[in-house]
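In: heads up, no residue letters with this:
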């Protein structure tokens, strides 16, 4: 086997996802892209731009405007040899598909003792920070993460967006691929080609630090990075872990990170009660108890419906709120 | 209607009755289906099945749905369509897997191209459309026959599936068994449409109503629908008017919502009696053949009985084995906990007195 040079390009997250779709569709004719406005328009965020022109209407196509139908239709496609990638237009518009996701997509392998696999991906633009009106800014990850049988991943940068989506499309399991809307236009260098690493299930230490660990995923990662930068100016060294994969959860990387600092703050946009952030805080408390110098803190959205655009700054975890939580980690006992 | 309730060919029937061998095959299937239904109901009373939603009275629909399909086609059944799955050749014991309680679904859907029995209403219909569309994209001549009941036509997924199928011209035959009740709720509370077949109009799908207790008419109408779908004419909707002669399941009490007289009127329209009367009157069926059909049905009942009565000890590992292609590290940890708990349960059963003693000591 010859090794081909891997091309690097500077891409936005939306472009990186587009390239991952393009490359997966080029490699495997069974990969189909479907959803609302994903055809000639290229999706409301232009993530599927050019795919219909390149691959034809049988490969990337618009469906009727009905999310349960889209998800159920994708189940049938996957049952019969295809690898469908579904775009749900917005987080809150995916809710009509919930029964199909929970009762069929998540359970088909289990129901049939592994005889029926559903290699399908549901892409969901999610979370806030773009001034979107009601129903366009939900952080819906906990609903999916609470459902056994689904993988749930969310990239925080263009490079991970590319490899995670390639990995998701190649997976024999259904994957909920959550795309932070506010990061669609953020640019970064992306290694292209047949690259599926880092893939599903691996967290990464995004920034080294020795005093406390910030654990974040998706849209909260850049905020955590900014907080760490600010803390460094104040003389505190914060480590940042980017989960990338909510399910499966990378206990090993998270625990090793927290054990190295002895303090942890979990950061997420979603409402905190009964959330992914709660789960992380519980896991870290159970597993790293003897290394902890302070209780694990959570900085999350409040337990309120997502605010209107002019008030969303109140809801979103900010650098100040993160640093306040860090200040509370019982430094006086150190 | 090709045969009237007394088994006499109607005017239409004189011209369109299926061939005698087809009708004999259908009768044999219905006799087996009836025997299977009644055997399964008996197994519930004996405590061997958790529950059984019987299609007793709907055997015409059950058998015709399977009989009109080729081997390469797909059948999408609901939880009440066990007899249709058996008619398509799925092992009767495996068909009852869901109701026996060993696992959620007992058979390999790819083996006979029968999707798992679906319990949430209408949710299997969009799957059927997807399977049909995938086949069409590959240029295969597959037709998918998707079954549902009258209650399911009220669900959003019924609407979405018919709409998707029509837009994509997917080769799907939607076969609604209108058995008049969704558990206790009568059809009048599900729809104000003149018939369920009328619903096709809104999707641009041809809809046809057929006497669901007339196997000859069912074979005629359904095979026509299958052939039109196969020929690229898009999806088809067929409503079979039939009747659930028994309660929803053994846990239901149908006397609370319908009168005996209503049931008796439908018993007089029994699909088995109707076809057998015709076939005997016309000399197509003789005693020897009838005995052979009864014997074949008895064999299916015996195989069902023996299989269901055979206790299988379910393996708790299976609960963790099929959640993902590879178990997550969390599932590996949780399965180890289960193993640990189970091994302690066993040792405490073996030495229960010592266990009580040590617990007593622990409390001191």
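Out: Everything's here; your move. Owing to the predicted nature of the structure, the values given are computational and were not obtained by experimental measurement.
In: so where's the stretch 201-334 of chain A uncertain?
Out: A:333-334 (pLDDT under 70).
In: that one against chain B: which residues are in contact?
Out: With CB under 8 Å from any CB of the partner chain as the criterion, the stretch 201-334 of chain A meets chain B at residues A:201, A:247, A:248, A:249, A:251, A:252. Backbone N, C-alpha and C define where each C-beta goes, glycine included.
In: single out the residue in chain A that lies closest to chain B.
Out: In chain A, no residue comes nearer to chain B than residue A:76, which is 2.0 Å away by CB to the nearest CB.
In: contacts only, for that residue.
Out: By CB atoms under 8 Å, 6 or more residues apart in numbering or on different chains, the contact set of residue A:76 is B:126, B:127, B:128, B:129, B:130, B:131, B:132, B:133, B:134.
In: equivalent analysis for residue A:225, please.
Out: Counting by CB under 8 Å, 6+ apart, residue A:225 has contacts A:206, A:207, A:240.
In: residue B:64 now?
Out: The neighbours of residue B:64, taking CB under 8 Å, 6+ apart as the test, are B:26, B:215, B:218, B:219, B:222, B:240.
In: and the pLDDT for the residue of the stretch 251-364 of chain B at minimum distance from chain A?
Out: In the stretch 251-364 of chain B, the residue that lies nearest chain A is residue B:328 (3.8 Å; CB to the nearest CB). At residue B:328, the pLDDT value in this model is 97.
In: that one touches residue A:248, doesn't it?
Out: Yes - between residue B:328 and residue A:248 there is a contact at 3.8 Å, judged by CB atoms under 8 Å.
In: and after the strand ranked longest in chain A, which helix or strand comes next?
Out: Counting residues, the longest strand in chain A under DSSP state E turns out to be strand A:264-271. Stepping forward along the backbone from strand A:264-271, the first helix or strand reached (DSSP states H and E) is helix A:276-288.
In: what helices or strands is that next one leaning on?
Out: Applying 3 or more CB pairs under 8 Å, 6 or more residues apart in numbering or on different chains; DSSP states H and E, we find helix A:276-288 packed against helix A:141-145, helix A:251-261, strand A:264-271, strand A:297-301.
In: sorry, back to before: which non-adjacent residue is nearest the residue of chain A closest to chain B?
Out: Among residues not flanking residue A:76 along the chain, residue B:130 sits closest, at 2.0 Å (CB to CB, 6 or more residues apart in numbering or on different chains).
In: the one you found sits in which helix or strand?
Out: Counting by DSSP H and E, residue B:130 is part of helix B:124-137.
In: gap between stretch A:102-121 and the chain center?
Out: For stretch A:102-121, the distance from its own C-alpha centre to the chain's C-alpha centre is 21 Å (CA atoms, centre = their mean, to the nearest Å).
In: is stretch B:100-114 anywhere near chain A?
Out: Yes - judged by CB under 8 Å from any CB, stretch B:100-114 comes into contact with chain A at B:103, B:104, B:105, B:108, B:109, B:110.
In: get me the contact residues on chain B for chain A.
Out: Proximity of chain B to chain A (CB under 8 Å from any CB) is limited to residues B:103-105, B:108-110, B:115-116, B:120, B:123, B:125-135, B:137-138, B:156-157, B:160-161, B:163-164, B:167, B:318, B:321-325, B:328-330.
In: buried members of those residues into PyMOL, please.
Out: To isolate the buried members of these in PyMOL, using 16 or more other CB atoms under 10 Å in any protein chain shown:
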select buried, chain B and resi 103+104+105+108+109+115+116+120+123+125+126+127+128+129+130+131+132+133+134+135+137+157+160+161+163+164+167+321+322+323+324+328
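In: can I see the domain layout of chain A?
Out: A:8-191, A:204-329 (automatic domain parsing).
In: what helix or strand is the residue of the stretch 151-300 of chain B found nearest chain A on?
Out: Nearest residue of the stretch 151-300 of chain B to chain A: residue B:160, at 3.2 Å (CB to the nearest CB). Residue B:160 belongs to helix B:156-168 when assigned by DSSP H and E.
In: what lines up beside the helix or strand that that helix is followed by in the sheet?
Out: Proceeding N to C from helix B:156-168, the next assigned helix or strand is strand B:172-178, under DSSP H and E. Under the criterion DSSP bridges, strand B:172-178 sits next to strand B:144-149 (parallel), strand B:236-241 (parallel) in its sheet.
In: ok, then the element right after the last one?
Out: Read that as strand B:236-241. helix B:260-267.
In: quick one: contacts of that next one?
Out: In contact with helix B:260-267 (CB under 8 Å, 6+ apart) are residues B:57, B:213, B:243, B:245, B:254.
In: OK, contacts around the residue of chain B found nearest chain A?
Out: Closest to chain A within chain B is residue B:130: 2.0 Å, counting by CB to the nearest CB. Contact partners of residue B:130, counting by CB under 8 Å, 6+ apart, are A:72, A:73, A:74, A:75, A:76, A:77, A:78, A:79, A:80, A:84.
In: quick check: which ranges of chain B have low pLDDT?
Out: Ranges of chain B meeting pLDDT under 70: B:350-364.
In: domains in it, as residue ranges please.
Out: Using automatic domain parsing, chain B is parsed into the domains B:11-309, B:318-363.
In: please name whichever of the ones you listed is nearest to residue A:327.
Out: Closest to residue A:327 of the domains of chain B, according to CB to CB: domain B:318-363, at 32.4 Å.
In: on that earlier part again, now, among the contacts of residue A:225, which is nearest to residue B:289?
Out: Using CB to CB, the contacts of residue A:225 come closest to residue B:289 at residue A:206, 76.5 Å.
In: neighbours of residue A:51, how many?
Out: For residue A:51, the neighbour count with other CB atoms under 10 Å in any protein chain shown is 22.
In: what do you get for residue B:218?
Out: Using other CB under 10 Å, residue B:218 has 29 other residues around it.
In: correct me, but it touches residue B:210?
Out: Yes - using CB under 8 Å, residue B:218 makes contact with residue B:210 at a distance of 5.8 Å.
In: joint contacts of these two?
Out: residue B:240.
In: got the phi and psi for the residue positioned nearest the centre of chain A?
Out: Nearest to the mean C-alpha position of chain A, counting by CA atoms, centre = their mean, stands residue A:154 at 1.1 Å. Here is the backbone geometry of residue A:154 (degrees, to the nearest 10): phi -150, psi 120.
In: before we move on, the earlier item: what's near enough to touch the residue of the stretch 251-364 of chain B closest to chain A?
Out: A:201, A:247, A:248, A:249.
In: give the contact list for the first one.
Out: By CB under 8 Å, 6+ apart, the residues touching residue A:201 are A:151, A:245, A:248, A:250, B:328.
In: could you do the last one as well?
Out: Listed by CB under 8 Å, 6+ apart, the contact set of residue A:249 reads A:243, A:279, A:280, A:283, B:328, B:329, B:330.
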